[in-house]
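Student: how would this look folded up:
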Amino acid sequence: MWTKFSSSVLLLALLAARSTAQNVAVNLAASSPAASSTSSSGAQTNSANAKRDVLITMPIAIDGTTRNLQLLRGESYEDAAISFAQSVGILQHADEIRVREVVGQLSGLLKGKMEEIEAEEAAAAAAAVPQQVLQLTLPLTINGFNSELKKYEGESVEAAVERYLYASGYTMEVMRELYPQIITLVNNKLEELQPPSKELFAFTLTIDGREVVTRHFENGDPMEEAQMTLRSIGVQDAELINRLAPQIAKEISRRIAGLGVQPTQEQEPQQVQQQAPVAQELFSIPLTMNNRPALLVHYEGFTSRESAMRFLEENSVNDANSMNQFVPQLVQLIDNRIAELANQEAQTQPQLQEQEPPVQPPHQVSALKELFSIPLTMNDRAVVLVHYDGLTSRESASRFLSENGVTDANAFNQYLPQLIQVIDTRIAEIVKQETEQAAAAAAAAVEREAEARRAQRVPMVRLPISLGNGHEATLEYFDGDSVERTVELFLSHIGLQEGPDFVANTQRLSELVRREVKTVIEQQAPAQETAPVQPPQALRPQPLLTLPITIGGRVFNLEYFAGQEPAYVANTFCVEKYEIVRAELGLQFDGNQLVECKNVLESTIRTQADLPQQQQQEPVREEPPQRTEPQQPQASPNSRGDHLFTVDVDIDKETTVQLRVYQDDDPEQVARAFCHEHRIDLANIPALVDAIRDQLASLN
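Tutor: You can find the predicted model right below:
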């Protein structure tokens, strides 16, 4: 029966369906009785397909019966047309050419309908999205390539520059180099486009040691003016700007309030409306995603998970497995950065110093203060490791690695301990240098004070001493001074503090001084017998404390009188006695030993002075390092009790030194003195203390 109908009839019917897209009548007849059974099976197929997602349904009239031509989700136009032709028995026809024509026309109907639907949806979506207003177009030429940077209304300069760089496909290293330069170009261009405003006031701030003028213009935004102030001195770090700009804006607002200037009611909602679509960036972390550079940005008001999800969406990571894999890692990175910033904020909180006129205030916005910097080489390029005031060595090392793009966990863990060691070594060198300078200054001050006191006193004995070759020097002794110390200082002043005759000269001169003192006292005795009795005010007061101190094998008595400053007494004693030991034994002392001697004696004096009724504690011992003798006795065995045991200490592969421990020894003091004596690193003190205590425990 197919021959009764011409192909033109079918074509006209399909064209009518294309024009109306509602009801298409196609007068077709089955070529055999099998067509009816095919129609029945087609109906069942359509019923099954109805359960799937249907994108398009077009009614087609065939032999007076309306059948639905449907396009299912995931199905091609041709497959849908073939399925429909099969359901109505068209595929049973023997003329394959006409069958293909019909299938092609049905496919064209579906395709045209789909294009209409997509056009309508695109128009609706475009109408729903507000049109962005172009604010600035900046032509750029980079490495011979011409391009344009576009900034829209309501978009921050930073966001526009980042969008441009990512769209240009530059590497992360090139992006870091171009970012501050393009930021400056865009800001300068925006300033040129701004209409001239009237300057209301200006004031000077000190930022990181540099003076900068902050200006406020009519209808100006304090926050934008604060950011512009920071950028004018080359501050491009977003983190630093976010921390300092609010403080400068606060000062601008305070001065605005003093002028009585209030922003208009129209400006406030306009500013809010412009800033609402743009989230404030808190910080960004450079990463590598699928072998290309990417930037993980954390915004204000976002949780760590929200920022991580947004990053993955921007980088087209939509697979559930990949998101479950990457989200925890990104959240951890963001949380670590937040914790680091919070720690820095807690330790260093720069504050603006505000003062009222007419006093001229030195307003200061202090960033992190650099203590020192160390030049390094990293990945064949020169870098600088900076240590800041208020930061630990670990924090400065972590900051250095983050600034240089080291985000890989293995590389981070490899470099971090090395950088911490470099910083700690430099800190130790600075502390040692400062301590030595302080010790030298303290010794000089003590000597000046002693000279001043001697200049005000009248010597009790004056002895002219012949030096040979017609030269002569006068030895002056003052009442109450140590005879030996006076003689030693005299020999030092005339250049005889060294040599084999130093001890013999000291003994001869000391005996001579004592004889002269005895003679003076005998001469004054008859006058004192006839003179009226005087109150014992001129008598030398009794010391409140007398502590025997062992230094270099010699025992010196430290006398402390009521009313004296313990720190001054301890410092004077250590400087004088160390000088004696150095002159006699040739021992050398560093600043750390001098400071430790002063601290120990000061603590002991304060403790003994607070407990005058209790029995004085055992003598404080300060053992300097010995140069030749491997086992210099720290004190007499009787003052330390019975000998308990000896610990063999391996100083190096060939040298073993014995550490002798007595009954009344303090393990920590013995270990510290042993380390000083043999020039051992003080870090070994805990190990020596543990060894001594283990031996004591075994004895008990």
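Student: packing partners for the host helix or strand of Leu594?
Tutor: Per DSSP states H and E: Leu594 is located in helix 591-610. On a contact count with 3 or more C-beta pairs under 8 Å, 6 or more residues apart in numbering; DSSP states H and E, helix 591-610 meets helix 409-456, strand 545-551, strand 554-560, helix 566-585. Every residue, glycine included, has its C-beta placed from N, CA and C.
Student: between it and helix 409-456, how big is the angle?
Tutor: 60 degrees (axes from the mean of the first three to the mean of the last three C-alpha atoms, to 10 degrees).
Student: which outside residues touch helix 591-610?
Tutor: The contact list for helix 591-610, computed with C-beta atoms under 8 Å, 6 or more residues apart in numbering, reads 432, 435-440, 442-443, 544-545, 547, 549, 558, 560, 566-567, 569-571, 573-575, 578, 616-617, 620, 622, 624-625, 676.
Student: how far away from the center of its chain is it?
Tutor: Averaging C-alpha positions (C-alpha atoms, centre = their mean, to the nearest Å) puts helix 591-610 36 Å from its chain's average.
Student: try stretch 584-600
Tutor: For stretch 584-600 - counting by C-alpha atoms, centre = their mean - the centre lies 37 Å from the chain centre.
Student: next, the distance between the ends of that stretch.
Tutor: One end of stretch 584-600 to the other measures 24 Å (C-alpha to C-alpha, to the nearest Å).
Student: the residue lying closest to Val422 once chain neighbours are set aside in helix, strand or coil?
Tutor: Distances taken as C-beta to C-beta, 6 or more residues apart in numbering place Ile374 nearest to Val422, at 6.1 Å, with adjacent residues excluded. Put simply, Ile374 is strand when judged by DSSP: H, G, I helix; E, B strand; the rest coil.
Student: hang on, Ile374 packs against Thr425?
Tutor: No: judged on C-beta atoms under 8 Å, Ile374 makes no contact with Thr425 at a distance of 9.4 Å.
Student: tell me the contacts of the residue lying closest to Phe561 once chain neighbours are set aside?
Tutor: In space, Phe561 comes closest to Pro543 once its chain neighbours are excluded; the distance is 5.4 Å by C-beta to C-beta, 6+ apart. Applying C-beta under 8 Å, 6+ apart, we find Pro543 in contact with Glu559, Tyr560, Phe561.
Student: and if you look at Ile56?
Tutor: Contacts for Ile56 (C-beta under 8 Å, 6+ apart) come out as Leu69, Gln70, Leu71, Leu110, Lys113, Met114, Ile117.
Student: coming back round to it: more neighbours: Ile374 and Thr425, which one.
Tutor: Neighbour count, other C-beta atoms under 10 Å: between Ile374 and Thr425, Ile374 has more, with 15 against 12.
Student: list the contacts for that one?
Tutor: Contact partners of Ile374, counting by C-beta under 8 Å, 6+ apart, are Val384, Leu385, His387, Val422, Ile423, Arg426.
Student: reformat those as a markdown table; add neighbour count and pLDDT.
Tutor: Converted to a markdown table, the contacts of Ile374 look like this (neighbours: other C-beta atoms under 10 Å; pLDDT from 0 to 100):
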| residue | neighbour count | pLDDT |
| --- | --- | --- |
| Val384 | 11 | 84 |
| Leu385 | 21 | 88 |
| His387 | 25 | 87 |
| Val422 | 16 | 90 |
| Ile423 | 24 | 91 |
| Arg426 | 17 | 88 |
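Student: quick one on the thing from earlier: give me the average confidence score over the helix holding Leu594.
Tutor: Averaged across helix 591-610, the pLDDT comes to 81.
Student: and stretch 100-108, by the same measure?
Tutor: 88.
Student: likewise stretch 298-312?
Tutor: Mean pLDDT, stretch 298-312: 83.
Student: for it, buried residues please.
Tutor: His298, Phe302, Ser304, Ser307, Ala308, Met309, Arg310, Phe311, Leu312 (16 or more other C-beta atoms under 10 Å).
Student: A strand includes the second one, no?
Tutor: No: assessed with three-state DSSP, Phe302 is coil; it does not lie in a strand.
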